[in-house]
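Participant: sequence below, structure please.
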Amino acid sequence: MAFDKMSLRRAYGRFVTGVTVVTTLQDDGTPRGFTANSFTSVSLDPPLVLVCLGRGASSFQTFSASRSFCVNILSEQQRKIASTFASKIENKFEQVDWSGGKTGSPVISQVSAWLDCRLERVIDAGDHVVLLGKVVDFATGDSMPLGYYDGAFIDFELQRQAVNAATHDQISVGAILEREGSILMLRDGDKLVLPCAQSIGSDETEPGSLLKLVHDLGAGARLGIVYAVSEERERRMLHVYYRGDLLETGGPLDPRVALVALSDLPWDRIALKQNELMLRRYIQERASARFGIYVGDINRGVIHRAASSQRL
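Facilitator: Numbering: from 1, shown residues only. Model prediction:
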């Protein structure tokens, strides 16, 4: 059966993982490494782990022939390291502090944990190989790990920024809800806006919540990861937008609902500049299935980009 590769990639991306940098030494002592989220613990006795490596990776030959590797599980603060080792820039190891582990493989400083492994087997697996390693040394730190989900980094600090409204007088929670290439928007006169409410809601019955709003419109919502967090400091207001799936309920849709194709968005009818900018970014990022998280105010901020990995 032939699958659409982009759709399959997005399905893979629904699995929440950590982010690692896998390292080794070449025969001449030169360190090599790559960013990967395709890491899995296999066994406690014996202590086995595995990492998947794409055949097209520049470090494929090095790791396939190596005698050892180290899995560095990155912390929340090490997003830049993930991006560095996912890129093709040279001298990656000059940009991080590291030391040799028991096998000689580089151990990166201040990671959430590291596992120094002896390579046991290299297993063919389609367009990847599986590196099966036996843990010979390890350590854990105090920092929280960096996460990866649906093409974007997850860190607990960003999530706290999104849901903690205690220091704000008002909160607005909205979403980009997609189904089959179209998104849910609401008619406001001759203009269009994304759905938003005063809270997420624990279920579709909670008054003033986004989930209840979508339910009352005749649809359903499955919310994913935070997509944008912005402040209006003067009004002490926090705007939080999620990405998610628009679900069919079988009933009629409210007349206010407009299901708009992403390929044919009427930009001149989008009421809020904030909505327009978010949707333009969404369309660009959706094409590669690699989404970022915007954090800032309504005028200026930073998009925390997802690092590519060897698996996805």
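Participant: so what's the spatially most central residue of the chain bridging to?
Facilitator: Taking C-alpha atoms, centre = their mean as the criterion, Ala152 is the residue nearest the geometric centre of the chain, at 1.8 Å. Under DSSP bridges, the beta-bridge partners of Ala152 are Tyr149.
Participant: read off the pLDDT value for the residue nearest to Gly244 when sequence neighbours are not counted.
Facilitator: In this structure, Gly244 finds its nearest non-sequential neighbour in Leu223, 4.2 Å apart by C-beta to C-beta, 6 or more residues apart in numbering. For glycine as for every other residue, the C-beta is placed from the backbone atoms N, C-alpha and C. The predicted structure scores Leu223 at 85 on the pLDDT scale.
Participant: OK, contacts around Leu223?
Facilitator: Leu223 is in contact with Ala175, Ile200, Leu210, Leu211, Tyr242, Arg243, Gly244, counting by C-beta atoms under 8 Å, 6 or more residues apart in numbering.
Participant: re earlier: the residue nearest to the centre of the chain contacts Tyr294, doesn't it?
Facilitator: No: under the criterion of C-beta atoms under 8 Å, Ala152 makes no contact with Tyr294, lying 10.7 Å away.
Participant: quick check: neighbours shared by these two?
Facilitator: Here Ala152 and Tyr294 share the contacting residues His304, scored by C-beta under 8 Å, 6+ apart.
Participant: where does Arg9 fall, secondary structure wise?
Facilitator: Assigned by DSSP states H and E, Arg9 belongs to helix 5-12.
Participant: quick check: next helix or strand after that helix?
Facilitator: Toward the C-terminus, helix 5-12 is succeeded by strand 17-18 as the next helix or strand (DSSP H and E).
Participant: what helices and strands are in contact with the helix or strand following that next one?
Facilitator: Counting by DSSP H and E, the next helix or strand C-terminal to strand 17-18 is strand 20-25. Counting contacts by 3 or more C-beta pairs under 8 Å, 6 or more residues apart in numbering; DSSP states H and E, strand 20-25 packs against strand 31-36, strand 47-54, helix 60-65, strand 68-73, helix 79-86, strand 106-108.
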